[in-house]
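S.K.: requesting a structural model of the entry that follows:
(chains A and B)
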Amino acid sequence: EAGVAQSPRYKIIEKRQSVAFWCNPISGHATLYWYQQILGQGPKLLIQFQNNGVVDDSQLPKDRFSAERLKGVDSTLKIQPAKLEDSAVYLCASSSRTGGVQNTQYFGPGTRLTVL
Amino acid sequence: GDSVTQMEGPVTLSEEAFLTINCTYTATGYPSLFWYVQYPGEGLQLLLKATKADDKGSNKGFEATYRKETTSFHLEKGSVQVSDSAVYFCALSSGGSYIPTFGRGTSLIVHP
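M.R.: Below is the predicted model of the structure:
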């Protein structure tokens, strides 16, 4: 079974530029998550999708971040314009359903963003 | 709000040494507790979990016991291997969302 795929793996941009990250979840997984992991900290949830609908985006800085999952499969996270403090690893995860402690999230390798 | 505190790393050990990584938590109600592992260049993987007090989670020789009285979930392994070198994250989830709240992570380096 293929895991969660993310691209690119690394991205370097200058502040005020825009950037987009792509995630393809495990086949058949209805729930998709985007996390931000700042160096030295644990991952923090940005947004959660159930199929193509948003379940939770309370931690997403909506003035500059946006995310979509148009067909309920792969997803794109965009930052426009980027700030220095956006430098982090962006993790995508998927799970077969939304709730329940038995529900396991499977993580991709992440995209490391550096904003200069 | 919920929070997780882990010991700072890196933890550096020789092969076959005993490992303990401390984790304590603050949460309302009765959270579920998790350890995740992140090997170099890979995504996070769930290592083990415990859903109620006194439960012991175990996997790949690692163990952790849910201690409600001390609000702790320390990770242990009796004999580490070089291949255990990774970053270990303690996490909890509570309420209905089951979204994990992660600690900062502890890097483990095992030398031959």
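S.K.: quick check: residues of chain A near chain B?
M.R.: Proximity of chain A to chain B, by Cβ under 8 Å from any Cβ of the partner chain, involves residues A:3-4, A:33, A:40-45, A:48, A:56, A:91, A:93, A:99-101, A:103-110. Bear in mind the C-beta positions are built from the backbone N, C-alpha and C, glycine included.
S.K.: for B:Ser85, which non-adjacent residue is closest in space?
M.R.: Nearest residue to B:Ser85, sequence neighbours excluded (Cβ to Cβ, 6 or more residues apart in numbering or on different chains): B:Val110, at 4.9 Å.
S.K.: what does B:Phe102 give?
M.R.: In space, B:Phe102 is closest to A:Gly42, 2.8 Å off (Cβ to Cβ, 6+ apart).
S.K.: ok, residue 40 - contacts?
M.R.: Looking at chain A here, since you left the chain open. A:Gly40 sits next to B:104-105 when contact means Cβ atoms under 8 Å, 6 or more residues apart in numbering or on different chains.
S.K.: sorry, should have said chain B
M.R.: By Cβ under 8 Å, 6+ apart, B:Pro40 lies in contact with B:85-86.
S.K.: checking it next. Helix, strand or coil?
M.R.: Secondary structure for B:Pro40, judged by DSSP: H, G, I helix; E, B strand; the rest coil, is coil.
S.K.: any idea how far B:Ser83 is from it?
M.R.: Per Cβ to Cβ, to the nearest Å, B:Pro40 is found 11 Å from B:Ser83.
S.K.: before we move on, what about A:Phe49?
M.R.: In this structure, A:Phe49 and B:Ser83 are 34 Å apart, going by Cβ to Cβ.
S.K.: neighbour count winner among these two?
M.R.: Between A:Phe49 and B:Ser83, counted using other Cβ atoms under 10 Å in any protein chain shown, the more crowded position is A:Phe49 (23 against 10).
S.K.: which SS class is the more buried one?
M.R.: Taking three-state DSSP, the label given to A:Phe49 is strand.
S.K.: in the chain, where is pLDDT below threshold?
M.R.: Looking at chain A here, since you left the chain open. Scanning chain A with the threshold set as pLDDT under 70 gives A:1, A:97-103.
S.K.: ah, I was thinking of chain B
M.R.: Scanning chain B for pLDDT under 70 picks out B:96-97.
S.K.: in it, which residue sits nearest chain A?
M.R.: B:Phe102 (2.8 Å; Cβ to the nearest Cβ).
S.K.: for that residue, give its distance to A:Ile26.
M.R.: Counting by Cβ to Cβ, the gap from B:Phe102 to A:Ile26 is 21 Å.
S.K.: separation between the nearest residue to A:Ser7 once chain neighbours are set aside and B:Tyr66?
M.R.: In space, A:Ser7 comes closest to A:Trp22 once its chain neighbours are excluded; the distance is 5.2 Å by Cβ to Cβ, 6+ apart. Counting by Cβ to Cβ, the separation of A:Trp22 from B:Tyr66 is 37 Å.
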